[in-house]
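[1] pasting a predicted model and its sequence here:
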Amino acid sequence: MKRRTVLQGAVLALLCPADAVHAALPAIDVYKSASCGCCHDWVEHLQSNGFTVKVHDVANPSAYRAKFGVPHALGSCHTAVIDGYAIEGHVPAREIKQLLAERPKAKGLAVPSMPLGSPGMEGLHSEPYDVLLFQADGRHAVYQHYAASGSNQMSPSAGAADGKRVMSEGEVKKVDKGAGKITIKHGPLLNLDMPGMTMVFRVSKAALLDQVKSGDKIKFVADKTDGTLTILHIEPVK
């Protein structure tokens, strides 16, 4: 009788390996800004890789970075905690699973800033980045390295009157003609000293939105107008 029970258990394990793996993953709590599109994309990356994600939209994500012991120098746009570890930034699900399997003595994993090509930051190009294993005292080591693909060079805008505005690249995620706004997943905005992310912009002219639709690859010029991030020029990428 005991042998039969063991055999039945073995058969069930063979029939349902995916369910067993999914159940083995603890839930992950993510603390992010409600308006951060790239954070939302990273959450979807985790979910597609079998994680149960509890999302907390907070007013000051950096406060949670400090709360969970992430060194300021390794900061990014969101902080997560899972099974006693802190996860900072766009860390791939693969390395989180590896961390949980190996259980090293560490505070957690971090991908500083928001490198293009990391999960949630996919776009026209990618750049090299490291997943860092860090300690509570700030010491860290490379846990996994990811190489670049494509080119990260941005070309200057020929129509920039002040010589400071540059043409950036991105992908249209949403067009709201009624509100005169467009959501773009973009690379670094060099003239504004901003990293790549997904953001909602105002447009200087409603007619600019007639040129594009959701899913289009574009080049554009963004600048601050009356303190608001505004799209001044758009060119669809053929």
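    Sure thing, it's come through. Numbers count the residues shown, from 1 in each chain.

[2] pLDDT below threshold where in the chain?
    Scanning the chain for pLDDT under 70 picks out the ranges 1-23, 123-125, 150-166, 227.

[3] return the set of residues that bridge with the nearest residue to Ala34 once chain neighbours are set aside.
    Sequence neighbours aside, Asp57 is the residue nearest to Ala34 in space, at 3.8 Å (criterion: Cβ to Cβ, 6 or more residues apart in numbering). Where C-beta positions appear, they are placed from N, C-alpha and C, glycine not excepted. Beta-bridge partners of Asp57, counted by DSSP bridges, are Lys32.

[4] contacts only, for the residue most central in space within the chain.
    Residue closest to the mean C-alpha point of the chain, counted by Cα atoms, centre = their mean, is Gly120 at 3.2 Å. Under the criterion of Cβ atoms under 8 Å, 6 or more residues apart in numbering, the neighbours of Gly120 are 38-45, 90.

[5] so which of those wins on neighbours?
    Among the contacts of Gly120, the one with the most neighbours (other Cβ atoms under 10 Å) is Trp42, at 30 neighbours.

[6] and it, how close does it get to Val53?
    From Trp42 across to Val53, the span is 9 Å (Cβ to Cβ, to the nearest Å).

[7] overlap of the contact sets of those two?
    Listed as contacting both Trp42 and Val53 by Cβ under 8 Å, 6+ apart are Val30.

[8] residues in contact with stretch 27-35?
    Applying Cβ under 8 Å, 6+ apart, the contact partners of stretch 27-35 are 39-40, 42-43, 46, 51-59, 61, 64, 77-82, 87, 96, 200.
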